[in-house]
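Asker: Pasting the sequence and the predicted model now:
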Amino acid sequence: MTQVSFATHEVLNQSPPFEDVDLFALDRPLAEAVAANGGASAYKELSEFGQHWGSAAMAARGRVANENTPKLRTFDSRGVRRDEVEFHPAYHELMARSAHAGIHNSTWTALGKPAGGAAEVVRAAKFYMAAQVETGHLCPVTMTRASVAALAAQPDLLSKTMPVIATRAYDPTFAPWWTKRGMTLGMGMTEKQGGTDVRSNQTRASRDGDAYRITGHKWFMSAPMCDAFLVLAQADEGLTCFFMPRFKPDGSVNALQFQRLKDKLGNRSNASSEVEFADTYAERVGDEGKGIRTIIQMVQLTRQDCAIASAGLMRSGLAHALHHARHRSVFQKHLADQPLMQAVLSDMALHVEASIALVMRLCRSFDQAPHDPNEAAFMRLLTPAIKYWVCKSAPGFLYEAMECLGGNGYVEEGILARHYRESPVNAIWEGSGNVMCLDVLRALSREAETAQAVLQALVEETRGLPGASEAAVFTGKAFHRPDSERVARLAVEKLALLAAVAALNKASPRHAGLFAATRLAGNHASMYGAVDLANDDARGLLERALP
């Protein structure tokens, strides 16, 4: 029997898939930012990572993990509580690849001390590339890495858990953490009454010998299949941080009762849950009443990762848009050769250049903070400012990238729709925009002298660049106004832009001048492409973005 053909057209004027590429070698701004911040010796390692994560196989895993979302299995067939979350194998493969690359632990030694050197910079480059492929699975990865900073407040607990955290193995089995080849950790702070003021938490902790029993709830607790969680609860002396494992010391399942998984805009491959604690076993981390001080060590690192991931999402949006424009023809010319599209793409490329230079500069401060007070001050002041600017930039940027592809960018078969849905979470999680601005003001008030030294260093590093001195003067005055909170968003954005110019001036001085001229010397238009870049500058930016 003859097969009937329904083909009515041939596929033409479509861009080929952007896959089977080296995400590191194709990203000259990333390579230069890594080198400028001490990571040049890791080029081979990063290129191997970029080749693997840029493969068609990894792209497929990212897609499948998001199309097959996690499932909560509250009970088994006999009515026994299970409280397990099932994931598609593609998610587990992503987790395994990230663990193998050390994204969850490479900034720590086997004893849980800072690894030193350029460990933060090199690890950030991997995190940035992985975010371009699939961001949801990075939630437990970043929390596991960051948890070590909080566990340091309880050395005996850190010494027990670190041998398992420090392995580069991913073990998804539902079993006690001390029996596993590797472990992941999550975090639970937010309750129904709000996440910004965690001191209002109502979850209670009561002593039970050397341990505690926790009763209460968490409105958001991400990655519920982690092996343990750091949670906040009210103890006798006040809000305290606790280590809550999925299994009790006797090997029985701990009483973490998941009520449901959140139905989220993005971050779909990653499960986020509502949970009830019913006399749940936990161990104290740090002193009673010092929960904020303890867990803020973890939060500082997760905020860093929010900025890195947002920069990675924007990089991916730019790369896909530019790749498409080079293959798509309109009016007998490739889109990439049309002056209007060149203006849009080159302006976007300049934004990504500054973003990656800035986050890598921040990561260098994390590397050097343990032994350099000036870098520690930079880290404390700039982390919230950088998270604010980079993360809040991403959704609008990714919308613009989608528009470059037209209807092809809007459909779910492509990665840009997923990136767009993913992008808001980094600005919302671990402190929204207003919280970041308040944290900058708090750092300024608590460490006025060191903060002033950081600002002065930025002035020196941007000397002679268009608009830089004026931006520094404005920022300094705004932060010292009696109504500084009212203008905090404007001042924090100026601070982040000034820091971006300084970082870019070290990684790529020519482009620092372009960025300063378009962002500091005048008000950058609200739409990408509404700038006047010389043809040579536009072509140069696009060639650097994607050779």
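Answerer: Nice, thanks for sending it over. Numbering: from 1, shown residues only.

Asker: Contact partners for residue 498?
Answerer: 458, 462, 468, 471-472, 475, 520 (Cβ atoms under 8 Å, 6 or more residues apart in numbering). Where C-beta positions appear, they are placed from N, C-alpha and C, glycine not excepted.

Asker: mind checking the SS state of it?
Answerer: helix (DSSP: H, G, I helix; E, B strand; the rest coil).

Asker: And it, how far from residue 515?
Answerer: 11 Å (Cβ to Cβ, to the nearest Å).

Asker: again, but for residue 77
Answerer: In terms of Cβ to Cβ, residue 77 sits 60 Å off from residue 515.

Asker: Neighbour count: the two, which is higher?
Answerer: Taking other Cβ atoms under 10 Å, residue 77 and residue 515 do not tie; residue 515 has more neighbours (25 against 6).

Asker: wait, is that one part of a helix?
Answerer: Yes - counting by three-state DSSP, residue 515 is part of a helix.

Asker: Test my guess that it contacts residue 502.
Answerer: No - using Cβ atoms under 8 Å, residue 515 is not in contact with residue 502, being 10.5 Å away.

Asker: tell me which residues of the helix or strand harbouring residue 303 are tucked away?
Answerer: Under the criterion of DSSP states H and E, residue 303 resides in helix 291-327. Within helix 291-327, the residues that count as buried by 16 or more other Cβ atoms under 10 Å are 291-292, 294-295, 297-325.

Asker: do stretch 34-42 as well
Answerer: Buried, per 16+ other Cβ under 10 Å, within stretch 34-42: 34-39, 42.

Asker: Contacts for it next, please.
Answerer: Counting by Cβ under 8 Å, 6+ apart, 43, 46, 117-118, 121-122, 125, 357, 360-361, 363-364, 367, 503, 506-507 sit against stretch 34-42.

Asker: Can you say which of these are buried?
Answerer: Buried among the contacts of stretch 34-42 (16+ other Cβ under 10 Å): 43, 46, 118, 121-122, 125, 357, 360-361, 363-364, 367, 503, 506-507.

Asker: Show only the entries of these found in helices.
Answerer: Among those, DSSP state H puts 43, 46, 121-122, 125, 357, 360-361, 363-364, 367, 503, 506-507 in helices.

Asker: Turn these into CSV, including pLDDT and distance to residue 450.
Answerer: Output for these, formatted as CSV (pLDDT from 0 to 100; distance: Cβ to Cβ, whole Å):
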residue, pLDDT, distance to residue 450
43, 97, 34
46, 98, 33
121, 98, 23
122, 98, 27
125, 98, 28
357, 98, 23
360, 98, 22
361, 98, 17
363, 98, 20
364, 98, 17
367, 98, 18
503, 98, 19
506, 97, 21
507, 96, 25
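
Asker: which residues sit against the lowest-mean-pLDDT helix or strand in the chain?
Answerer: In the chain, no helix or strand scores lower on mean pLDDT, DSSP states H and E than strand 329-330, which sits at a mean of 87. With contacts defined as Cβ under 8 Å, 6+ apart, strand 329-330 is touched by 13, 335, 338.

Asker: Now tabulate those in JSON lines and tack on distance to residue 254 and pLDDT.
Answerer: Below are the contacts of strand 329-330 laid out as JSON lines (distance: Cβ to Cβ, whole Å; pLDDT from 0 to 100):
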{"residue": "13", "distance to residue 254": "57", "pLDDT": "86"}
{"residue": "335", "distance to residue 254": "55", "pLDDT": "92"}
{"residue": "338", "distance to residue 254": "60", "pLDDT": "95"}
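
Asker: Neighbour-wise, which one of those residues leads?
Answerer: residue 335 (24 neighbours).

Asker: So that one sits against residue 324, correct?
Answerer: Yes - here residue 335 reaches residue 324: they are 7.3 Å apart, a contact under Cβ under 8 Å.

Asker: Touching both of the two, which residues are there?
Answerer: Common neighbours of residue 335 and residue 324 (Cβ under 8 Å, 6+ apart) are residue 404.

Asker: isn't residue 280 right next to residue 211, touching?
Answerer: No - look at residue 280 against residue 211 with Cβ under 8 Å: they stay out of range, at 10.4 Å.

Asker: the more surrounded of the two?
Answerer: Ranked by neighbour count (other Cβ under 10 Å), residue 280 and residue 211 place residue 280 first, with 25 against 16.

Asker: For the more buried one, give me its contacts.
Answerer: Taking Cβ under 8 Å, 6+ apart as the test, what residue 280 contacts is 213-215, 244, 254-256.

Asker: Run a quick neighbour tally on residue 100.
Answerer: Using other Cβ under 10 Å: residue 100 sits among 15 other residues.

Asker: how many neighbours does the closest residue in space to it that isn't next to it in sequence have?
Answerer: Excluding its sequence neighbours, the residue lying closest to residue 100 (Cβ to Cβ, 6 or more residues apart in numbering) is residue 168, at 5.4 Å. Neighbour count for residue 168, taken as other Cβ under 10 Å: 16.

Asker: Offset the numbering so it begins at 29, please.
Answerer: Happy to do that; since the first residue is 29 now, the last one works out to residue 196.

Asker: who are the neighbours in contact with residue 196?
Answerer: 127-130, 133, 210.

Asker: wait, isn't residue 44 in contact with residue 352?
Answerer: No - using Cβ under 8 Å, residue 44 makes no contact with residue 352, being 9.6 Å away.

Asker: Now for the two: what residues contact both?
Answerer: Counting by Cβ under 8 Å, 6+ apart, nothing touches both residue 44 and residue 352.

Asker: Run through the strands of this protein in chain order.
Answerer: Taking DSSP state E as the criterion, the chain contains strands spanning 99-103, 109-114, 213-216, 232-236, 239-250, 256-263, 266-273, 284-289, 300-313, 357-358, 361-362.

Asker: Any chance of CSV for those strands, columns distance to residue 179?
Answerer: Putting these into CSV (distance: least, Cβ to Cβ, whole Å) gives the following:
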stretch, distance to residue 179
strand 99-103, 28
strand 109-114, 24
strand 213-216, 8
strand 232-236, 17
strand 239-250, 16
strand 256-263, 8
strand 266-273, 7
strand 284-289, 19
strand 300-313, 6
strand 357-358, 55
strand 361-362, 53
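
Asker: Residue nearest the middle of the protein, spatially speaking?
Answerer: Nearest residue to the geometric centre of the chain (Cα atoms, centre = their mean): residue 334, 2.6 Å.

Asker: ok, for that one, nearest residue in space, not its chain neighbours?
Answerer: residue 454 (4.0 Å).

Asker: The one you found - how many residues pack around it?
Answerer: Neighbours of residue 454 (other Cβ under 10 Å): 28.

Asker: Can you tell me how far it is from residue 248?
Answerer: 15 Å.

Asker: With residue 390 instead?
Answerer: Counting by Cβ to Cβ - residue 390 and residue 248 are separated by 25 Å.

Asker: Looking at those two, which has the bigger crowd around it?
Answerer: Comparing residue 390 with residue 248 by other Cβ under 10 Å, the one with more neighbours is residue 390, at 27 against 18.
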